[in-house]
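Participant: Curious how this folds, go ahead:
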Amino acid sequence: HKARFEKVFCLGNLSEVSNISNVVKNEFASETWLEIAITYYKLERNDEAMVLLQNAPGSVINDLWLAELNLKKGDLDKAAVMLQKVISDTALLTFPHRAETYEVLKKFAQENNSWKLNYYMALVLWSKNQKAEARRLFAAVGTSPGYAPFYLTKYNLFSGVEGYNPEPDLLKAKSLDPNNWRTSMALVDYYLQTNSLTKALSESKQAVDKHKDNFVIEYNYARVLLENTQFKSCLNVLEDIRIMPSEGARSGRTTYRQACIMLAIQYYQKNKYKTAMSYVAKARLYPEQLGSGRPYTVDGRIEDYIEGRCLLSRNLNQKAREAFDRIEQFTSSFDESNSSDYLYLLALKQTGKEELIGSFMKRWKEKSNNSLAYQWALAMRNSDNSAIEKIERKLAGEQYSLWHPGSIDPGFVLVKNLVASME
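Facilitator: Purely as a prediction, here's the structure:
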């Protein structure tokens, strides 16, 4: 594209510039025009830069640069008009990121106190990983913007900063745009992080009532129900939604499995073994509507162990033994390791092979490089409650909850509950 523009400028046929828009067809075409215009600006060829931006697709940042170019030209009135347009236009989908744009914003911000100029400057700084300075600008703006995404952006930028309370910003965003589902998602996420499960459930229910056809909101509601131990309600929601498939999207099926396993455990505790086994059978499924297919290798040791215990309770000892044997066979051939390895230890006890536990623990430590799951298993064997609590917090990781599908070991919370309920 640069060659096309330069050819037009060399021939002096400026009317042809607008025709080049027919060949600049990429997404965010305005960015392409701006990039080339800034190249001319750096070469002090401001007339060409202005011609480009006058013919470019409209955008807030292009208007900002037109204000700068008119200022350079000495046309103060036109510069003021363009700057006012920048300030009055919506900030929606405006994401400045160039260092050159930051300098222009900084110049105009010295003589104009619009929050948008500081906001745009903060976005540029954030894109350059200068978060501290970006936060300073956000803080300086305060609560004057009547623009919900400002507060959502602030929440993301300040997240994890000591002393920051996100709730006022999120509630402000919600008051400005009560139908924005992303605000509800952020609020629910915050409430889950702070273990405010009742608030999370209330907010999530409101959101799903407003956005009945949004599978992101529907899935989030199912996950909140799970966090609130409403496993049957969680399963009902998941069986009624359609999650669009995407690469690596296993969250829906992970939560589905967690709900099924927890229901199986609950029915086991009630001595309703057939019902428990029916939920174990459901946990083995990969419902198409949850957006995730069955992997080549499936770790079904949790399901096998619950099934084995149910069969034992029904005096079906041979079938129970087969379930425990499957755990042993899978563990011996599985190249990886996770918390379900602990069920191998329990299966050895059930089949009278406790003498193998010591050697397996040594192999597990070496194979997993002393993983958190191994450390937890060791603490469990030693009844070291203090160590158990510390390790469980680490296993939750940055996801704040063991139930979160993105936790270090999504199956751990099931193993933990299984052991607490059955052993």
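Participant: Please report how far R45 lies from L170.
Facilitator: Counting by CB to CB, to the nearest Å, the gap from R45 to L170 is 47 Å. (C-beta placed from N, C-alpha, C; glycine too.)
Participant: ok, and for stretch 355-372, which residues are buried?
Facilitator: Buried residues in stretch 355-372, defined by neighbour count with 16 or more other CB atoms under 10 Å: 360-361, 364-365, 367-368, 371-372.
Participant: could you dump those residues to TSV with secondary structure, pLDDT and distance to A109?
Facilitator: As requested, those are exported to TSV (DSSP: H, G, I helix; E, B strand; the rest coil; pLDDT from 0 to 100; distance: CB to CB, whole Å):
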residue	secondary structure	pLDDT	distance to A109
F360	helix	94	65
M361	helix	95	63
W364	helix	94	59
K365	helix	95	58
K367	helix	91	57
S368	coil	93	53
S371	coil	93	51
L372	helix	93	48
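Participant: Can you give me every residue that contacts the closest residue to I241 other than its chain neighbours?
Facilitator: Counting by CB to CB, 6 or more residues apart in numbering, I241 lies nearest to E218, which is 4.5 Å off, once chain neighbours are set aside. By CB atoms under 8 Å, 6 or more residues apart in numbering, E218 lies in contact with 208, 212, 237, 241.
Participant: quick one: the third one and Y221 touch, right?
Facilitator: So the one you mean is V237. Yes. Using CB atoms under 8 Å, V237 makes contact with Y221 at a distance of 6.0 Å.
Participant: circling back to that earlier point, and the residue nearest to I241, what element?
Facilitator: E218 is part of helix 215-227 when elements are defined by DSSP states H and E.
Participant: Could you give the average pLDDT over that helix?
Facilitator: For helix 215-227, the mean per-residue pLDDT is 96.
Participant: starting at the chain centroid, how far to that helix?
Facilitator: 13 Å (CA atoms, centre = their mean, to the nearest Å).
Participant: likewise stretch 300-319?
Facilitator: 36 Å.
Participant: what comes up buried for it?
Facilitator: Here stretch 300-319 shows 300-312 as buried, counting by 16+ other CB under 10 Å.
Participant: and which of these is nearest I261?
Facilitator: I302 (6.0 Å; CB to CB).
Participant: secondary structure class for the closest one?
Facilitator: For I302, the assignment made with DSSP: H, G, I helix; E, B strand; the rest coil gives helix.
Participant: could you dump the buried residues of stretch 300-319 to a markdown table with distance to K353 and pLDDT?
Facilitator: Formatted as a markdown table, the buried residues of stretch 300-319 follow (distance: CB to CB, whole Å; pLDDT from 0 to 100):
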| residue | distance to K353 | pLDDT |
| --- | --- | --- |
| G300 | 20 | 97 |
| R301 | 16 | 97 |
| I302 | 20 | 98 |
| E303 | 21 | 98 |
| D304 | 16 | 98 |
| Y305 | 15 | 98 |
| I306 | 20 | 98 |
| E307 | 19 | 98 |
| G308 | 14 | 97 |
| R309 | 17 | 97 |
| C310 | 21 | 97 |
| L311 | 18 | 97 |
| L312 | 16 | 96 |
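Participant: got JSON lines for those residues, with distance to Y151 too?
Facilitator: Below are the buried residues of stretch 300-319 laid out as JSON lines (distance: CB to CB, whole Å):
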{"residue": "G300", "distance to Y151": "45"}
{"residue": "R301", "distance to Y151": "45"}
{"residue": "I302", "distance to Y151": "41"}
{"residue": "E303", "distance to Y151": "44"}
{"residue": "D304", "distance to Y151": "48"}
{"residue": "Y305", "distance to Y151": "47"}
{"residue": "I306", "distance to Y151": "45"}
{"residue": "E307", "distance to Y151": "49"}
{"residue": "G308", "distance to Y151": "52"}
{"residue": "R309", "distance to Y151": "50"}
{"residue": "C310", "distance to Y151": "50"}
{"residue": "L311", "distance to Y151": "55"}
{"residue": "L312", "distance to Y151": "55"}
